[in-house]
Every structure is written in C-alpha cells, then in structure tokens.
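*Asks:* Build me a model from this:
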Amino acid sequence: MSLAANLKLFFEGKLKGDSASKSPEGVCPNCWGRQEWEGEFYKQIKARNITPESNTYNSFIHEVASKLDEIKLKEDTYECISCNVKYKHDH
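*Replies:* Residues are numbered from 1 along each chain as shown. Below is the predicted model:
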C-alpha cells in the first residue's frame, strides 16, 4: 500500500476514535511524533471543516506523504532511515 493510502487509513481511523496506532503503517513512530503531523491534521480539519472526501483533504495527505518520505521504515529491518531507531515488527 502507498504511503498516501496508509496516511488516509490512519487519519480516518483517528477520526473514528481508533487510538491503537501510534503512527501510519510504515512510518517511524519516533519521527512521526516529533514532526507532529497528527496535530497539523486536526488543525486543518477544524479550521477548514475538511472531510475525507474533499480535494483539500487529498492535497493535505499528499503534502504530508511527500514530507514523510525521509521517515519511512526499511521494510525488511523495520529501522528508520532518518533516526536509525529499530522497531520490532508486531504482525
């Protein structure tokens, strides 16, 4: 699944009250928390009354995805390519 699709699933889950995920799949939780994209998402939703079906929402998702390219996890090792923290795979 693409990074943009993972972001959409993550944010849609958060809007529905899912608190299990700390970060979108494939994204370093450490870097995700430091960059505070979740807070930016809520500001955008509240300020502009954005829904997941809108073009503005899709533009926001793609903007975040382009900036997250540096904090993705290496799939085979689950190590962040930005901060070099290693994570245990839960699945």
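*Asks:* Return the set of buried residues in the helix or strand of the chain with the lowest mean pLDDT.
*Replies:* None of the helices or strands of the chain scores lower by mean pLDDT, DSSP states H and E than helix 37-48, at a mean of 75. Buried residues in helix 37-48, counted by 16 or more other C-beta atoms under 10 Å: Trp37, Glu38, Phe41, Gln44, Ile45. The way it works is simple: take the backbone N, C-alpha and C, and place the C-beta from them, glycine included.
*Asks:* distance between it and the chain's centre?
*Replies:* Relative to the centre of its chain, helix 37-48 is centred 13 Å away, using C-alpha atoms, centre = their mean, to the nearest Å.
*Asks:* now the angle from the helix or strand just after it to helix 37-48?
*Replies:* Sequence-wise, the next helix or strand downstream of helix 37-48 (DSSP states H and E) is helix 55-68. Relative orientation of helix 55-68 with respect to helix 37-48: 160 degrees, computed using axes from the mean of the first three to the mean of the last three C-alpha atoms, to 10 degrees.
*Asks:* so where is the protein shaky, pLDDT-wise?
*Replies:* 48, 50-52, 69-77, 88-91 (pLDDT under 70).
*Asks:* Only C-alpha atoms, please: export stretch 63-70 in CSV.
*Replies:* C-alpha atoms of stretch 63-70 as CSV (Å, rounded to 0.1, in the frame of the first residue of the first chain):
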residue,chain,number,x,y,z
GLU,A,63,1.7,17.0,1.0
VAL,A,64,2.3,15.1,4.2
ALA,A,65,3.3,11.9,2.3
SER,A,66,5.9,13.9,0.3
LYS,A,67,7.5,15.2,3.5
LEU,A,68,7.3,11.8,5.2
ASP,A,69,9.5,10.1,2.6
GLU,A,70,12.5,10.5,4.8
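*Asks:* Which other helices and strands does the helix or strand containing Leu7 contact?
*Replies:* Taking DSSP H and E as the definition, Leu7 sits inside helix 3-15. When contacts are defined as 3 or more C-beta pairs under 8 Å, 6 or more residues apart in numbering; DSSP states H and E, helix 3-15 sits against helix 37-48, helix 55-68.
*Asks:* Much appreciated, bye for now.
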